[in-house]
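Peer 1: Next comes the sequence, and after it the predicted model I'd like to discuss.
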Amino acid sequence: MASAQQLSGNLLYHANQEIKLLGYNGFETIVLAKSLIDTSGNFTLLYKDYKGMGYLETSDKSQLFLVLNEPKINITGTHLKEPDSIKFENSKENLFFNQYAVAHNQREQALAGWKYLLPLYQQANQQKELLTTIKQEIERIEKEDAAFLNKLDKSTMVSWYLPVRKLIDDMPLSAQRYTERISKHINDFRHIDLNDKRLYHSGILDDLIEGHYLLLENGGITRDSMYAEMNTSTDYLITNLNGNDSLLNEVTHFLFNLMEKRSIFKASEYLALKLLTQSSCTLEDNLARQMETYRAMKVGNTAPDIDLHLYDTAFSNSKKLSDIKSSYTLVVFGASWCPKCAKEIPEINQYYTKWKSKGLEVVFVSLDTDSAEYRQFVKDFAFLSTCNFKSWETQAAKDYYVFSTPTLFLLNKDRKIILRPNSIAQVDSWVNYIQLKSK
C-alpha cells in the first residue's frame, strides 16, 4: 500500500484486545482499520487516503481521540483511559492537540471564576481597583488562548480544528452567560466553508450546525428575530454548498430533522421552500418528499380528501373525510409501533369529549400493518380510527406527505389547513383559545 498511512504503538494493558481506528465522513462514523493487539501490547493499523480527526477504540470500549493528518504515527502508553500515560512519536499535531486541550480547560475554569466575579464588583463603586484587576485577568487569559492558536502552523489540521471546536464549545456558554460573544459566534459560523474536506472528516459537522441553531434559539432574542437569523444562516448554508449536491442533501437533511425535532416549524418551512424553489440543486427523493409537505400542506391549503375504510361502527355512514360534518377535524397519522404515538395518541381520549362539544372531530389514520396490533391499539379510542395496513404506502400518508409519526393536521369544515400542531397539548390549547374567543 504505497499511499497507506500507519498508526502503530504499544498499549500493554490492552494486550489481546481488538483495536479499531475510526474516522468520520460527514455525519457518519466509519471504521478506517482494525487489528488485534498482541500479547506484548503491540499493534499496527494501516489505512488509506484519510486526513482528519479520528479515535482509537479497544474491546473494553476505551477510546483515544486523535489527529490523523500525518503518514506515520506511533503511540505508547499503558491504557487509553490513562491519557497522561500516552506518548506520541512522529506526530507534532497530536502533541499540540493534547497540549491545547489541557491548557484550554484550565483557562476556561479560570475564566469562569473571573467572569462570575465581574458583575459583582461592577456593582461595588468602592472596588474599582479590584474590578480593573478582574478585567485585566480576563483579557490576559483570552489573549493567551488566542496566542496559542495563532502560533500553530496553518498547514496543520489542528490549526483549523481547534478554533472551530472552541466555537462549538463556547456557543452554549455564551447563550447562558456571555451574551456579548453571540454576535461574533454568528459571524464566525457564517464564514466557515462547509465544503472544506477537513470539516467533512472532523466529526464535528453535526455539532457545529446544531450548536449554531441552538444558539440562535436560546440567545435571548425575540421569536421573530430568531427566525430571521435562522433564515439568514440557512441562506448561507445553501449558497455555500451550491454545486455540491451530495453534501447539500446531507446537511439539509440533518438541519431539517433538527428543526422538526425542536418544533422550529417556521424555520423548517423556510428551508423546505427555499430548496424546492431553487433549480440549481438536485434533492434526493426522500428529502424532497419531506420538504414538499411544507409546500403542498402549508396552512391555508386545502387538505386532500381521505377514503375511510372504517372499523368503528359509530362512523359507518362516513365513507370519506369530507362526509364528516364538524366545524373542525383533527387528522392524526401514527401507528402502534411508534413509541411517541403509543404515549401521545391515547391522550386524545381525555380531551375528546370537550373537543367534540366544541365542534372538533378526530380522525386517526394508522400506518400499522398488523390487524391484531392495530385493533389492540385503538380498542379504547372514543374517536374515529382507520387503517388499510399498508404502512407508508397508505394513500392518505402519501397525499399528506407524511414522513414521520405522529403527524397532525387541524382542518376547518372546508378542509382548509388552519394549524399543523406539534403535540396533543397544542391542540387542546388551541381549543381553549377558541373557546375563550367565542365567549
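Peer 2: That came through fine.
Peer 1: give me the low-pLDDT residue ranges for the stretch 1-150 of the chain?
Peer 2: 1-3, 124-126 (pLDDT under 70).
Peer 1: which residues in it form helices?
Peer 2: According to DSSP state H, counting those that start in this stretch, the stretch 1-150 of the chain carries its helices in the segments 92-122, 128-151.
Peer 1: Quick one: closest of those helices to residue 17.
Peer 2: helix 92-122 (21.4 Å; C-beta to C-beta). All C-beta atoms are positioned from the backbone trio N, CA, C, and that covers glycine.
Peer 1: If you count contacts, what does the closest one end up packed against?
Peer 2: strand 63-68, strand 87-89, helix 128-151, helix 157-176 (3 or more C-beta pairs under 8 Å, 6 or more residues apart in numbering; DSSP states H and E).
Peer 1: would you turn those into CSV with distance to residue 114 and mean neighbour count?
Peer 2: Putting the helices and strands packed on helix 92-122 into CSV (distance: least, C-beta to C-beta, whole Å; neighbours: other C-beta atoms under 10 Å) gives the following:
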stretch, distance to residue 114, mean neighbour count
strand 63-68, 28, 20
strand 87-89, 33, 16
helix 128-151, 5, 13
helix 157-176, 14, 19
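Peer 1: how near is residue 268 to residue 259?
Peer 2: Using C-beta to C-beta, to the nearest Å, residue 268 is found at 4 Å from residue 259.
Peer 1: no, scratch that, I was asking about residue 182
Peer 2: 20 Å.
Peer 1: swap in residue 360?
Peer 2: Distance, residue 360 to residue 259, using C-beta to C-beta: 27 Å.
Peer 1: Could you do residue 358 as well?
Peer 2: Taking C-beta to C-beta, one finds residue 358 at 31 Å from residue 259.
Peer 1: between the two, who's got more neighbours?
Peer 2: residue 259 (22 against 15; other C-beta atoms under 10 Å).
Peer 1: quick one: contacts for the residue nearest to the spatial centre of the chain?
Peer 2: The residue lying closest to the centre of the chain (C-alpha atoms, centre = their mean) is residue 258, at 4.2 Å. Applying C-beta atoms under 8 Å, 6 or more residues apart in numbering, we find residue 258 in contact with 209-210, 213.
Peer 1: Kindly indicate which of those lies nearest residue 131.
Peer 2: Lowest distance from residue 131 to the contacts of residue 258 (C-beta to C-beta) belongs to residue 213, with 35.7 Å.
Peer 1: Would you state the predicted confidence (pLDDT) at that closest one?
Peer 2: Here the pLDDT value assigned to residue 213 is 97.
Peer 1: same check, this time on residue 279
Peer 2: 55.
Peer 1: Pairing partners for the residue nearest to residue 44 when sequence neighbours are not counted in the sheet, please.
Peer 2: Excluding the flanking residues, the one nearest residue 44 by C-beta to C-beta, 6 or more residues apart in numbering is residue 8, at 4.3 Å. Taking DSSP bridges as the rule, residue 8 bridges to residue 44, residue 74.
Peer 1: same question, residue 64
Peer 2: residue 56.
Peer 1: if we can go back for a sec, what about the residue nearest to residue 44, how many neighbours?
Peer 2: Based on other C-beta under 10 Å, the number of other residues close to residue 8 is 17.
Peer 1: That one contacts residue 47, correct?
Peer 2: No - if you go by C-beta atoms under 8 Å, residue 8 and residue 47 don't touch, sitting 11.7 Å apart.
Peer 1: quick one: the strands in this structure?
Peer 2: For the chain, applying DSSP state E gives strands covering 4-11, 18-25, 28-36, 42-48, 52-58, 63-68, 72-77, 87-89, 328-334, 360-366, 384-387, 407-412, 417-419.
Peer 1: Quick check: neighbours of the last one in the sheet, parallel or antiparallel?
Peer 2: Each strand that pairs with strand 417-419, with its direction, by DSSP bridges: strand 407-412 (antiparallel).
Peer 1: The partner strand relative to strand 328-334, how many degrees between them?
Peer 2: 170 degrees (axes from the mean of the first three to the mean of the last three C-alpha atoms, to 10 degrees).
Peer 1: what's the model's confidence in stretch 378-397, averaged?
Peer 2: For stretch 378-397, the mean confidence score works out to 92.
Peer 1: now that stretch: how far from the chain's centre is it?
Peer 2: In terms of C-alpha atoms, centre = their mean, to the nearest Å, the centre of stretch 378-397 is set 30 Å apart from its chain centre.
Peer 1: ok, now stretch 414-429?
Peer 2: Worked out by C-alpha atoms, centre = their mean, stretch 414-429 lies 25 Å from the chain centre.
Peer 1: Any buried residues in that stretch, and which?
Peer 2: Under the neighbour-count criterion of 16 or more other C-beta atoms under 10 Å, stretch 414-429 has 415, 417, 419-422, 424, 427-428 buried.
Peer 1: Report the backbone C-alpha coordinates of stretch 377-386 in PDB.
Peer 2: This file holds the C-alpha atoms of stretch 377-386, laid out as PDB (Å, rounded to 0.1, in the frame of the first residue of the first chain):
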ATOM      1  CA  PHE A 377     -54.100  -0.100  19.900                       C
ATOM      2  CA  VAL A 378     -57.400   1.600  19.000                       C
ATOM      3  CA  LYS A 379     -59.900  -0.600  21.000                       C
ATOM      4  CA  ASP A 380     -60.300   2.100  23.700                       C
ATOM      5  CA  PHE A 381     -60.300   5.100  21.400                       C
ATOM      6  CA  ALA A 382     -63.500   7.200  21.500                       C
ATOM      7  CA  PHE A 383     -62.700   8.800  18.200                       C
ATOM      8  CA  LEU A 384     -62.600   7.600  14.700                       C
ATOM      9  CA  SER A 385     -59.800   5.300  13.600                       C
ATOM     10  CA  THR A 386     -59.000   3.900  10.100                       C
END
